[in-house]
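[1] Provided below for reference: sequence and predicted model.
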Amino acid sequence: VLKCRPPNNRDPLISEIEKCGPYLLKQISIIKPKIILALGKIAGNALINKNLPIKEMRNQTYDYYGTPLRVTYHPAGLLRNPNFKKPAWEDFKWIRDYLN
């Protein structure tokens, strides 16, 4: 949701996300993806405009300005917690099936 990493690897501020939002929407309108996959809680919450745990965001398809959006675990989370790998794999298989 940002075009750069915040200082000291902190979570992005809402103001930073809002400033990058129009740029992201423009990119999406140019690329016209078939689906968007948000990786992690920060990206998921920013794109669906809610504050939910990742477990509640998963397994649902959201509409992001006309593009289907799904949320799964961030790769860093998968490295920290191997128990997330199986659900993330299920998410990616769902996307594969959706695109086919």
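    Looks like it came in fine. Numbers count the residues shown, from 1 in each chain.

[2] confidence score at Lys3?
    The per-residue pLDDT reported for Lys3 equals 84.

[3] got it, and the one 10 residues further on?
    Among the per-residue scores, Leu13 holds a pLDDT of 92.

[4] neighbours of it, how many?
    11 (other Cβ atoms under 10 Å). C-betas here are computed from N, CA, C, even on glycine.

[5] check contacts around it.
    Neighbouring residues of Leu13 by Cβ atoms under 8 Å, 6 or more residues apart in numbering: Pro6.

[6] how about Ile17?
    Ile17 makes contact with 1-2, 46, according to Cβ under 8 Å, 6+ apart.

[7] cool, Asn51 as well?
    The contact partners of Asn51, taken as Cβ under 8 Å, 6+ apart, are Asn45.

[8] that one and Lys41: what is the separation?
    Distance, Asn51 to Lys41, using Cβ to Cβ, to the nearest Å: 9 Å.

[9] likewise for Leu25?
    From Leu25 over to Lys41 (counting by Cβ to Cβ), the distance is 21 Å.

[10] more crowded one of the two?
    Per other Cβ under 10 Å, whichever of Leu25 and Lys41 has more neighbours is Lys41, with 19 against 12.
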